[in-house]
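K.L.:
fold the following for me, if possible:
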Amino acid sequence: MSLSPQKRILVALDTPDLDTAVALATQLHGLVGGYKVGLEVCTAVGVPQIVSAIAGVGGNLFLDLKLHDIPNTVAGAVRAACKLGPAVQMLTLHCLGGRDMLRAAVAAAHSMSYRPLLLGVTVLTSLDATALANELQVKPSLTDYVVHLARMAQDCGLDGVVASPHEVAAIRAACPYIRIITPGIRPSWATEGDQRRVMTPLDALRAGADYLVIGRPITNPPPAIGDPAIATARIVSELEQYNHNV
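P.N.:
Below is the predicted model:
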């Protein structure tokens, strides 16, 4: 997928405060491809409100609601998200909801005059192989399980998947044309935080990712790096190495 380094970056606005989210989106306007808004800010201020506010400063949204419910309920939520309009360019739902739920979501999206890309969340980046096996009792290896979920998402008509950068290469080999969005991105100068399976931006692109979800390294960079705009410019500069080599 041919995208500029800026377009590949989706900044995670992980804050409960609408003013903070809008200020970050305003500061980074034109420097990144869009903004991921998730449960924290959506629960705090409401989905239509955050969509309207970010769209108002020219931002595109990756609406990370991780829908996971019975098929009829998820279909209704997808239709409601479609009605929010073209500012919402991506919407997530959990692959663990199963084929019937995923197909109901796709059918609902295609019934609307506008629809965002539907992305299936595979395994959260906060889970590692030990947690998957011991806590969730999943028998296949983490990589095999993620690839299984990606294939299911593709078979059900989803546009892409969300996965750890460490599973991107395996997904790309199994599903060459599916969009892959990956969180767990940490530049070498940032801390890992609570993410267990992380990778640098450049290595994630080399593995086959299309979009990179980056939060704290941009929204709260180390003092030695500077402000969010400077941190973004530093990451873009790193990604340009990839564009020059392909």
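
K.L.:
now the helices for this structure?
P.N.:
Secondary structure of the chain (DSSP state H): helices located at 5-8, 18-27, 39-45, 47-56, 71-82, 99-110, 129-134, 142-155, 168-174, 201-207, 216-219, 228-245.

K.L.:
can you state the direction angle for the fifth one and helix 99-110?
P.N.:
Read that as helix 71-82. Calculated by axes from the mean of the first three to the mean of the last three CA atoms, to 10 degrees, helix 71-82 forms an angle of 30 degrees with helix 99-110.

K.L.:
with the longest one instead?
P.N.:
Using the same axes, to 10 degrees, the inter-axis angle of helix 228-245 relative to helix 99-110 is 100 degrees.

K.L.:
picking that back up, in CSV: the helices of the chain, plus distance to residue 187.
P.N.:
Yep, even glycine has a C-beta here, placed from its N, CA and C like the rest. Below are those laid out as CSV (distance: least, CB to CB, whole Å):
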stretch, distance to residue 187
helix 5-8, 13
helix 18-27, 18
helix 39-45, 23
helix 47-56, 24
helix 71-82, 31
helix 99-110, 33
helix 129-134, 24
helix 142-155, 23
helix 168-174, 17
helix 201-207, 6
helix 216-219, 5
helix 228-245, 6
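
K.L.:
make CSV out of the ones you listed and add mean neighbour count, distance to residue 119 and mean pLDDT.
P.N.:
Listed next are the helices of the chain as CSV, based on neighbours: other CB atoms under 10 Å; distance: least, CB to CB, whole Å; pLDDT from 0 to 100:
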stretch, mean neighbour count, distance to residue 119, mean pLDDT
helix 5-8, 20, 15, 95
helix 18-27, 17, 20, 96
helix 39-45, 16, 15, 93
helix 47-56, 17, 16, 97
helix 71-82, 18, 12, 98
helix 99-110, 19, 10, 98
helix 129-134, 14, 20, 93
helix 142-155, 20, 8, 97
helix 168-174, 19, 12, 97
helix 201-207, 22, 16, 94
helix 216-219, 22, 20, 94
helix 228-245, 16, 21, 87
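
K.L.:
for residue 126, the count of nearby residues, please.
P.N.:
14 (other CB atoms under 10 Å).

K.L.:
so what's it scoring on pLDDT?
P.N.:
As predicted, residue 126 sits at a pLDDT of 83.

K.L.:
what's the spacing between it and residue 183?
P.N.:
Distance, residue 126 to residue 183, by CB to CB, to the nearest Å: 10 Å.
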